[in-house]
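*Asks:* I would like the atomic coordinates for the input below:
(one chain, ligands or ions: 1)
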Amino acid sequence: MEIGESSESPEGKKKSKSKTPRKPKDSVLKQKSPAEFFADNKNIAGFDNPGKCLYTTVRELVENALDSAESISKLPIVEITIEEIVRSKFNSMIGLAEHERVDEELYDDFESAKAREKRLAKEARIQEIQAKNANLGKKVKEPVASKAMRGRGETSYYRVTCKDNGKGMPHDDIPNMFGRVLSGTKYGLKQTRGKFGLGAKMALIWSKMSTGLPIEITSSMKGQNYTSFCRLDIDIHRNIPHIHVHEKQDKKERWHGAEIQIVIEGNWTTYRSKILHYMRQMAVITPYAEFLFRFLSDAPDKNVTVKFARRTDIMPPVPLETKYHPSAVDLLLIKRLIAETSKQNLLQFLQHEFVNISKSHAERLIGEMGPDFSHKMLVKSLTSQQIVRIHQLFRQAKFDDPSGDCLSPAGEYNLRLGIIKELHPDMVATYSGSGFATCSVLKYLKATPFLSKLESVLVEKMLSNWNSYKINQVQDKIGVFVSIVSTKIPFKGTGKEYIGDDISEIAAAVKTSIQQCCTQLKSKILKRIQAREQQERKRNLSKYIPNVTGAIYDVLKEMSHLHASKRKRYANEDAEVLNKVSNHIITRETLGEKLAQHVEQVDYEMALEYATQSGVNEEPRENIYIQTLEGESKFVDFQSPVFVFRLFQ
Ligand SMILES: Nc1ncnc2c1ncn2[C@@H]1O[C@H](COP(=O)(O)OP(=O)(O)OP(=O)(O)O)[C@@H](O)[C@H]1O
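*Replies:* Prediction:
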């Protein structure tokens, strides 16, 4: 029942029966809890339809798992299982008797015999057109499923389980972490995938909306001799956890981490490729993690098991908590910092609660604030007007840019490695920018399918100028990976799917990164074209040798006849050559051989010249194969931005 309706008095109900006009519903004052708000607007968190809900649930759980393992510098091992539960099985799970349809026409997917005939004919026509298009190499669109095709059982139930080897959670915090919307441990100024304190709760809200089943959390932390188990759902109206079980159990294995299990409605058929694509992208961007993905169903041919093995144990360092930059704070934030600070006076407050304010800088700033301010004044005694003055000065004063030291970018080495291992591209270029620690990677594929169209509006806009970089947009398959790290990424929604292009600093950093990658690619592509031309030149010249030899020999033979019969006299070297032709010392074959030798010689000289001009350091090349790291070994690593040498003891 909605808040507001409950306050209606019995008389109110009577009155409405007696046709007195009721106050329009939308003018009745109501309140919503955050949980209700997100349940009503789940699309803004990426929970649009059952298929998308399955996808986003996987994403949220996987990203929590990675955050957790990385927070303790543990190489992540993430196991994610989606188990299909057909409707009948689901019903028996919740104790609902199976129901056979009685009145077929009542159902949305009902189809008369005539309609079925029409549909099948239409589908056959579409298939024919698609087959033709596929033969012509045209892009084939996914057919839109008709109601009847979508029909019974397509939307199904799924048990999603995600297990990690991360930090685990304190026993007492688990209910709030999973049962209270907008609660989390990642609100600080620190780079993490999670930010809003929402993802896991959204999965639970969706499970409550679609299956009514609770979430189950098993967790254990390092040093705990028990395992926490919690089964809970969420009281949507009050936004508080509704705990079914919360207990400490005997620890059976030496494990720390978390295992989250949830049963939701979803659609594997339509979101299968998106989920697998996501897993692959995660494997690219985090090659130091191991992912085991499983889809299990009653139909064994539908089952999927993919293991993305770890390819490196070099993890980006744990990001550090940082402080606010004075240019980026608002009034509210300054007030909060004042309320929370442990510092006594204004000087200490400015110096310790913000980045880029040294002691001498703080002194100068206080001097600039005016006669009302002094170094020693108690920060908690500042009036509202004085806080406004500080805010105004922060806005107008010049401060150095934040250093970015607190960030931990994936790094060129990791991105390059991830891309090479998962996508086997023809060429890769990487670039890492400072400032926003933006690292962008561009892969240039010929043989592998187009795998990554970055869905960010920001990058879409920049992909218009490939030709000037010798990249053929029609023939070449191009992929772009951009990794942006920050303590706060300006996503357009809580689903974290898009970044706006309106933040000029980020837009500029991404653009520069892509341009840098393109420039690198251009020089690689040009070198390859030159190398190809060089190979072809030799092949082209050699191709003409038989014809040229034939023509020259015929002319020489004719001349030697004239010379021998004295009809025409040649002298000196010419006569010598013609005599050799008459005496079969110069033949068609010897001429051919000499020409071939000449082509070889010219080609060698040109190749030498090419190598001198382009720098021999590019050649020769060797492929290096990177093996999976399983088991423990003793070794020493030597790294560069693009490779690492591992020396075993
Ligand atoms: N696998 C896990 N291991 C350890 N802690 C976890 C795990 N999953 C969730 N948590 C804890 O629960 C909190 C809430 O998670 P939730 O997914 O709701 O939000 P978030 O990750 O903080 O932010 P966002 O909504 O942006 O993803 C997290 O901040 C974290 O402290």
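*Asks:* go through stretch 485-498 and flag the buried ones.
*Replies:* 485-487, 494-496 (16 or more other CB atoms under 10 Å). For the C-beta atoms, the positions are set from N, CA and C on the backbone; glycine is no exception.
*Asks:* H242 contacts C230, correct?
*Replies:* No. Using CB atoms under 8 Å, H242 is not in contact with C230; the gap is 11.4 Å.
*Asks:* higher neighbour count, the two?
*Replies:* Per other CB atoms under 10 Å, whichever of H242 and C230 has more neighbours is C230, with 23 against 14.
*Asks:* S71 contacts E321, doesn't it?
*Replies:* No. S71 is beyond contact range of E321, at 11.3 Å (criterion: CB under 8 Å).
*Asks:* which of the two has more residues huddled nearby?
*Replies:* Taking other CB under 10 Å, S71 and E321 do not tie; S71 has more neighbours (16 against 10).
*Asks:* got the contact list for that one?
*Replies:* 166-167, 192, 318 (CB atoms under 8 Å, 6 or more residues apart in numbering).
*Asks:* against which helices or strands is whichever strand or helix holds L393 packed?
*Replies:* Assigned by DSSP states H and E, L393 falls within helix 384-396. Here helix 384-396 touches helix 331-340, helix 359-369, going by 3 or more CB pairs under 8 Å, 6 or more residues apart in numbering; DSSP states H and E.
*Asks:* sorry, back to before: CSV for the buried residues of stretch 485-498, including secondary structure, distance to A203 and pLDDT?
*Replies:* Listed next are the buried residues of stretch 485-498 as CSV, based on DSSP: H, G, I helix; E, B strand; the rest coil; distance: CB to CB, whole Å; pLDDT from 0 to 100:
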residue, secondary structure, distance to A203, pLDDT
V485, coil, 25, 83
S486, coil, 25, 84
T487, coil, 25, 85
T494, coil, 13, 81
G495, coil, 12, 80
K496, coil, 14, 81
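*Asks:* can you pull the residues of the chain lying near the ligand?
*Replies:* Within the chain, the positions near the ligand by CB under 6 Å from any ligand atom are 60, 64-65, 68, 164, 166-167, 169, 177, 184-186, 194-201, 258.
*Asks:* count the residues that sit near P214.
*Replies:* Neighbourhood size, P214 [other CB under 10 Å]: 23.
*Asks:* show the contacting residues for it.
*Replies:* With CB under 8 Å, 6+ apart, P214 has these contacts: 204, 207, 231-233, 244.
*Asks:* can you give me the offset of stretch 172-186 from its chain's centre?
*Replies:* Between the centre of stretch 172-186 and the centre of its chain there are 26 Å (CA atoms, centre = their mean, to the nearest Å).
*Asks:* which other residues reach that stretch?
*Replies:* 33-35, 38, 67, 169, 192, 194-198, 200-201, 204-205, 215, 217, 219, 228, 230, 232-235, 239-243, 246, 260.
*Asks:* looking at the residues you listed, which are in strands?
*Replies:* Using DSSP state E, 215, 217, 219, 228, 230, 232-235, 240-243, 246, 260 are the members of the contacts of stretch 172-186 that sit in strands.
*Asks:* if any of those residues are buried, put those into a ChimeraX selection.
*Replies:* Here is the ChimeraX selection string for the buried members of those, based on 16+ other CB under 10 Å:
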select :215,217,219,228,230,232,233,234,240,241,246,260
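*Asks:* just give me the closest of the contacts of P214 to the ligand.
*Replies:* Lowest distance from the ligand to the contacts of P214 (CB to the nearest ligand atom) belongs to L204, with 8.7 Å.
*Asks:* not counting its neighbours along the chain, what's nearest the closest residue to the ligand within the chain?
*Replies:* Across the chain, the shortest distance to the ligand (CB to the nearest ligand atom) belongs to G194, at 2.3 Å. For G194, ignoring the flanking residues on the chain, the nearest one in space by CB to CB, 6 or more residues apart in numbering is K186 at 4.5 Å.
*Asks:* helices or strands up against the longest helix along the chain?
*Replies:* What stands out as the longest helix in the chain, according to DSSP state H, is helix 504-564. Applying 3+ CB pairs under 8 Å, 6+ apart, we find helix 504-564 packed against strand 427-432, strand 438-445, helix 457-460, strand 477-484, helix 572-582, helix 588-614.
*Asks:* just send the ones you listed back as JSON lines, with mean neighbour count, mean pLDDT and distance to Y288 too.
*Replies:* Output for those, formatted as JSON lines (neighbours: other CB atoms under 10 Å; pLDDT from 0 to 100; distance: least, CB to CB, whole Å):
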{"stretch": "strand 427-432", "mean neighbour count": "21", "mean pLDDT": "85", "distance to Y288": "16"}
{"stretch": "strand 438-445", "mean neighbour count": "25", "mean pLDDT": "46", "distance to Y288": "15"}
{"stretch": "helix 457-460", "mean neighbour count": "18", "mean pLDDT": "48", "distance to Y288": "25"}
{"stretch": "strand 477-484", "mean neighbour count": "21", "mean pLDDT": "79", "distance to Y288": "14"}
{"stretch": "helix 572-582", "mean neighbour count": "14", "mean pLDDT": "90", "distance to Y288": "72"}
{"stretch": "helix 588-614", "mean neighbour count": "13", "mean pLDDT": "82", "distance to Y288": "35"}
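*Asks:* let me know which of the ones you listed is the nearest to A97.
*Replies:* Closest to A97 of the helices and strands packed on helix 504-564 is helix 457-460 (CB to CB; 49.4 Å).
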